Structures are given as structure tokens and as C-alpha cells.
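*Asks:* What follows is a predicted structure for the sequence shown.
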Amino acid sequence: MSPDAPDPDALVRARGLSKRFGDFVAVAGVDFEVRRGEVFGFLGPNGAGKTSTMRMISCVSPPSGGELRVLGLDPIADGPRIRSRIGVVPQEDNLDTELSVWDNFIVYGRYFGLPRPLLRERAEELLEFARLTERRNDRVDPLSGGMKRRLTIARALINQPEMLLLDEPTTGLDPQARHLLWDRLYGLKRQGVTLILTTHYMDEAEQLCDRLVVMDEGRIVDEGSPRQLIERHVTAEVVELRFADPELQAKALPVATEVADRHEALADRLLLYTDDGDATRSALADRGVDALTELTRRASLEDVFLALTGRTLDE
Amino acid sequence: MSALVVRALEREMVVFARTWRGNAFSSFVQPLLFLGAMGIGLGGLVDDGAAPTGGLDYLAFVAPGLLAASALLTAGAEALWPVMGGVKWMGQYNSMVTTAMTPGDVYGGLVLAAAVRALVAATAFLAVAVLLGGATSLWTPLALVPTVALAAATSAVLAAYSVTCQTDTGFPIIIRLGVIPLFLFSGTFFPVEQLPDALEPLVWVSPLWHAVESARDLTTGSVGVATALHVVVLLVVVAAALPIGIRNFANRLTP
């Protein structure tokens, strides 16, 4: 399909979409489409424009320029109608701390104009979904970070949204809480809910996303499935070398250019991109490169980002 | 603003149902203490002299004043710190606008909640004032109208401002230099005729003065056209503040 023909399955369609705050350009003209039923990701470092884009899709921030359609509607004219059909999980849990866990569901559901008996039914199910049935009458404050996150996500489902937007869903959670959350998100996907998420975690993007765009400085630098992006920009394997001191790393650089397709010299390590890690490592050994540690791993989206922008994600 | 504005009110009522005992002190018990101290204690001194209270005993004079003044104090405080809480500290307004609600609904709900809280507190206060003999007219229940209108006007104006603030550092100044002088000099405790002549016209801009005058007409039974006009002034204030508040809430919550 040509990029200009509207995709009938597109739940979100952006063309030249931009967002400015005064002189600051947060989003500098992006094009993308999100299709029904997929998990779509915005990957990029902090300040890349992911949250601003998400807020525009959520109809809580009017676009400064370009075109945006959400569920086929105009976010400015039809904000309440669109928001009635989507769920929003912001970066910071904005649960109502003056209400109990249970009332967070009911009161929030009332904001959609839904009747109480229906809300009570859904709240029971969502308590189960969030694994918070035992905490229903508790205040929100004493809940752990993972519990608050699950509650925020469950609350965003009270209107049975067709599309759920999650901004950095697992930031600040411990690994166990992250995996539990991923599990819940897989479940939603199986039910046919379209998920849009932002993340600066590579593993999260690779685990969850069917398709993603890589954002940097307000622009989209590439898009595709995690596998496509890896194949397009990096080799199958990466050999990571760490040296005892920077001089040794500098000395190893000329060798790196010989034995690998491409390399990246970071402050603390040298990355060699290759299709055969073992062959590269034996070539290094033959040339007498003396690294402190050596490891071969699969290429990841982190490498894609590095190849696209010349920077690591945490810079 | 849409019909969902009542959902924002519902939220306030859920919180109110849990916290009313604590709020009862500031919105109901405190004005009663004032009524006892001023109306009966101070009134005992005042009534012996030739007080210029238009032939009223002091309790009957000060009761409608305290009725309206406490609505001003409660609605004033509620439109400052809790708004900062909704925008920033707790952030519940930010989640409200991700639903079918608009920023205008959030703002409208807040003004509506201020009116309902004032109605509850003022009803309780009036009942006690009647029992103590501070309100004798059959018109007395209608004194709730200017009181509630004042609460709505106070809330609408102050929330339209407070939502634009980044911090709460200016709020105590608003209370000390804005709300408290109004509280003292709007004909609440003494007739405005006692003020220097040059200052007298200034009270016309005081929303509290309009509410006090109207409420006093009603609790004392000297009802006239002015009684209703004072309420109209308060409603005009609400009507003027609403579009500004809606715009400010939209700018803050959906930038």
C-alpha cells in the first residue's frame, strides 16, 4: 500500500504532525499509522518527543501543525468522543489519592458517563485483572509501585477501550513487576485491544511491539518490526569488548575495523558488529587483542538506535 | 462545559462523604463560635448603647453577615490549595481530562461543588441561628440563595486564577490581603456607614457585601428589589468568570 493512501484499518493516522511549546519544538513533523489490533511502539531517549506525540493522540494536547486522525475522528473537534473509546496510562500514575482503590474505578468510570451497576461489574473484573482484589478498600498511597501501575492500567480499561495508550508503562518497576505487567499487556493484545506504548527500554520494545518507530529529537528516524529494524541496521551478532584502560581500547580499534563489518567505540566498551561472533572472536585472538571481558550477544534495538543516531539511549 | 460537569461534583461528594467531619469544623462549627462570641458576647455590649444597626439587635445583625462571610472563607480556601493539588500535587485533574470530560467540566464541577458545600454548611448554620433568635423572618431560608451564589462566585473567580499558578506562594497573600479585608469590611460585623465616607463606595465591589446585604434583608424580613439585585450582581460575577476559567483550565490541563 502506498504511504499516502489511507489505510482502512488505521486507528491513528498522522501526517506532518508537530507540536511546539513557544519556541521549543517537541515534535517536528512525524508521519505514522497505527493499525487495529497491533502493538505499536515509540522508541527513543527522554526528550525525543514520544510523550508529546502520545498526548496529542490522547486528545489532551492540540497539535501545532500537520494532520492527525484518531479512530477516524478529529482530536480537536471530537476530543470527548475519541477519549470515550480509548484508555490512557500516563507516565506518572495519576490515581486519585483521596479515594480508595474501589472508588478509583467507580469515580473514573463515572467520568465517562457510565452507569453505576455496569461500573461495579467491571470494577470487580478489573480488580482481578490487576490482582488487587484484597486491597479494594485500601487507600491508593500505601500500594507498591507495581500495584499502582497495575491499578492505573486497570482503571484505564473501565470504559473497555478499543485502544490503550501507555507512556513508559514499566519505568521504575522491578523486573518481577515488569514481567507481570507485560503478561497483562499480552492478555489485552489477545483480546484484540490495540496497544500504543512509548518506551526507552529496548527489551520492552522487542518483547511487546509488533511494529515501532524510532524517535530522536522530535523526528521519526525509522520504522518497522523489531526484527526488520535489526536486520536493516545491524548485523546478527555483536561482540562486546571491555578493556582494562582506554589506551588498550584505542590500540584495539584498528584491529576492530579488520575483523568486523562495523564497530562502535563507546566510552566504556567496544562493539563489533558481525554475522559470526565466534569467527570474529577467534580473529581477535589471532591478532593478540587483549580484552578484559568479551561477550557475544544477539543484536538488539539498542544497537539499531546507536546505528541510527550515533548515541546510546541513556545519553 | 457539558453534562459531565456533575461527575466532577460526584467525585467531590465521595471525598466529602469521607472527610466531612474534619471540614465541619471550619465550615460550620467555626462560624457558630463566631456567632456565639460576636452575636451574644459582643452583642450584649453593643445592644446597651445606641448602635447604628438599624434597630436590629446585634445578634440579628451579625448572623447573616457570618452566614455569608463563612461561605466566602470556605469557598476561597477551597479554590486555592485544592486546585493546585488537582493540577500538580495529586494531579487528579490530569486524569479527569483523559476521560470524556473536558477541562471546562473539571472547572465547572469545582464551582458546583463549592456551591453544594456552601449550601450544606449554610443550612446547618441558619438552623442554629434561627434557634438562637438570630433570624426571625419567614424569608430566612431564602438567605441560602445569596450565600450559595457568593460561594460560586468566589470559587469561579479564584479557581480561574489559581489554575494559572505554578506554585502556591501567592495564595496566603490572596487570603491576607484579599479575603480577610473583605471579611472584615463588607458590612459583616458593622454597617458600612461606619466606614469613612471616602471608603464607603469601595464596598460595592465586594462580592461579600452584596451577599451580606441580600441575606440580611431576608433574615430580617426587609425584602426589596435590592435584595434580588445583589444576587444578580453575584451571578454576573460567576457568568463573567466562567469563560475565563474554562480557558485557563484548558490551557493548563491540555497544553
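*Replies:* Alright, I've got the coordinates. Numbering: from 1, shown residues only, chains lettered A, B, ... in the order given.
*Asks:* need the residues of chain A near chain B, please.
*Replies:* A:21, A:58, A:60-62, A:79-81, A:83-84, A:88, A:90, A:92, A:94-99, A:103, A:107-108, A:110-113, A:156, A:159 (CB under 8 Å from any CB of the partner chain). For every residue, glycine as well, the C-beta is placed using N, CA and C.
*Asks:* hmm, which of these are the buried ones?
*Replies:* Among these, those buried by neighbour count (16 or more other CB atoms under 10 Å in any protein chain shown) are A:58, A:60-61, A:79-80, A:83-84, A:88, A:90, A:94-99, A:103, A:107-108, A:110-113, A:156, A:159.
*Asks:* Let's see which of those end up in helices.
*Replies:* A:79-80, A:83-84, A:103, A:107-108, A:110 (DSSP state H).
*Asks:* what would those look like in TSV with pLDDT and distance to A:Thr257?
*Replies:* Putting these into TSV (pLDDT from 0 to 100; distance: CB to CB, whole Å) gives the following:
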residue	pLDDT	distance to A:Thr257
A:Gly79	95	54
A:Pro80	96	58
A:Arg83	97	53
A:Ser84	97	57
A:Asp103	96	63
A:Val107	96	62
A:Tyr108	97	57
A:Arg110	97	64
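*Asks:* now these in JSON lines, with distance to A:Gly16?
*Replies:* Converted to JSON lines, these look like this (distance: CB to CB, whole Å):
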{"residue": "A:Gly79", "distance to A:Gly16": "21"}
{"residue": "A:Pro80", "distance to A:Gly16": "25"}
{"residue": "A:Arg83", "distance to A:Gly16": "23"}
{"residue": "A:Ser84", "distance to A:Gly16": "27"}
{"residue": "A:Asp103", "distance to A:Gly16": "42"}
{"residue": "A:Val107", "distance to A:Gly16": "38"}
{"residue": "A:Tyr108", "distance to A:Gly16": "34"}
{"residue": "A:Arg110", "distance to A:Gly16": "38"}
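*Asks:* how about the strands in the stretch 201-315 of chain A?
*Replies:* Using DSSP state E, counting those that start in this stretch, the strands of the stretch 201-315 of chain A run over A:211-216, A:219-224, A:237-242, A:262-265, A:270-274, A:293-298.
*Asks:* Compare the ones you listed and give me the one nearest B:Val179.
*Replies:* strand A:211-216 (47.7 Å; CB to CB).
*Asks:* Toward the C-terminus from the helix of greatest length in chain A, list the very next helix or strand.
*Replies:* When chain A is scanned for its longest helix (criterion: DSSP H), the result is helix A:175-190. Sequence-wise, the next helix or strand downstream of helix A:175-190 (DSSP states H and E) is strand A:194-199.
*Asks:* any weak-confidence spans in the stretch 101-250 of chain B?
*Replies:* Flagging of the stretch 101-250 of chain B using pLDDT under 70 yields an empty set of residue ranges.
*Asks:* Might you enumerate the residues of it proximal to chain A?
*Replies:* B:101-102.
*Asks:* which residue does the stretch 101-250 of chain B bring closest to chain A?
*Replies:* Closest contact between the stretch 101-250 of chain B and chain A, by CB to the nearest CB, is at B:Met101 (5.0 Å).
*Asks:* what helix or strand does the nearest residue to A:Arg219 once chain neighbours are set aside sit in?
*Replies:* Sequence neighbours aside, A:Ala28 is the residue nearest to A:Arg219 in space, at 5.3 Å (criterion: CB to CB, 6 or more residues apart in numbering or on different chains). Using DSSP H and E, A:Ala28 sits in strand A:24-35.
*Asks:* can you dump the C-alpha coordinates of that strand into PDB?
*Replies:* Taking C-alpha atoms only, strand A:24-35 is exported to PDB below (Å, rounded to 0.1, in the frame of the first residue of the first chain):
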ATOM      1  CA  PHE A  24      10.600  24.800  21.600                       C
ATOM      2  CA  VAL A  25       9.800  22.100  19.000                       C
ATOM      3  CA  ALA A  26       8.800  18.900  20.800                       C
ATOM      4  CA  VAL A  27       7.600  17.100  17.700                       C
ATOM      5  CA  ALA A  28       9.000  18.200  14.300                       C
ATOM      6  CA  GLY A  29       6.600  16.700  11.700                       C
ATOM      7  CA  VAL A  30       6.000  13.000  12.000                       C
ATOM      8  CA  ASP A  31       4.100  10.500   9.800                       C
ATOM      9  CA  PHE A  32       2.900   7.200  11.100                       C
ATOM     10  CA  GLU A  33      -0.100   4.900  11.200                       C
ATOM     11  CA  VAL A  34      -1.300   2.500  13.900                       C
ATOM     12  CA  ARG A  35      -3.400  -0.400  12.700                       C
END
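*Asks:* Now do the same contact list for residue 207.
*Replies:* Picked chain A for this. A:Trp182 (CB atoms under 8 Å, 6 or more residues apart in numbering or on different chains).
*Asks:* Not quite, go with chain B.
*Replies:* So B:Pro207 contacts B:72, B:150, B:153-154, B:182, B:233-234, B:237 (CB under 8 Å, 6+ apart).
*Asks:* So which of these wins on neighbours?
*Replies:* Using other CB atoms under 10 Å in any protein chain shown as the neighbour criterion, B:Leu150 leads those with 33 neighbours.
*Asks:* which residues touch it?
*Replies:* Here B:Leu150 is in contact with B:68, B:71-72, B:75, B:118, B:207-208, B:210-211, B:234 (criterion: CB under 8 Å, 6+ apart).
*Asks:* how about a markdown table for those residues, with distance to B:Val145 and secondary structure added?
*Replies:* Shown next, in a markdown table, are these (distance: CB to CB, whole Å; DSSP: H, G, I helix; E, B strand; the rest coil):
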| residue | distance to B:Val145 | secondary structure |
| --- | --- | --- |
| B:Ala68 | 11 | helix |
| B:Ala71 | 11 | helix |
| B:Leu72 | 15 | helix |
| B:Ala75 | 15 | helix |
| B:Ala118 | 11 | helix |
| B:Pro207 | 14 | helix |
| B:Leu208 | 15 | helix |
| B:His210 | 12 | helix |
| B:Ala211 | 9 | helix |
| B:Leu234 | 9 | helix |
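*Asks:* Which of those sits closest to A:Asp141?
*Replies:* Using CB to CB, the contacts of B:Leu150 come closest to A:Asp141 at B:Ala75, 27.4 Å.
*Asks:* Pretty sure B:Thr154 is one of the things the closest one touches, is it not?
*Replies:* Yes. Applying CB atoms under 8 Å as the test, B:Ala75 and B:Thr154 come out as touching, 4.0 Å apart.
*Asks:* who touches both of those two?
*Replies:* By CB under 8 Å, 6+ apart, the residues touching both B:Ala75 and B:Thr154 are B:Ala114.
*Asks:* Can you pull out the low-pLDDT segments for the stretch 201-315 of chain A?
*Replies:* Looking at the stretch 201-315 of chain A by pLDDT under 70, you get A:313-315.
*Asks:* Name the residue of it that lies nearest to chain B.
*Replies:* Counting by CB to the nearest CB, the stretch 201-315 of chain A gets nearest chain B through A:Gly218, at 16.3 Å.
*Asks:* next one: phi and psi at A:Gly310?
*Replies:* phi 70, psi 10 (degrees, to the nearest 10).
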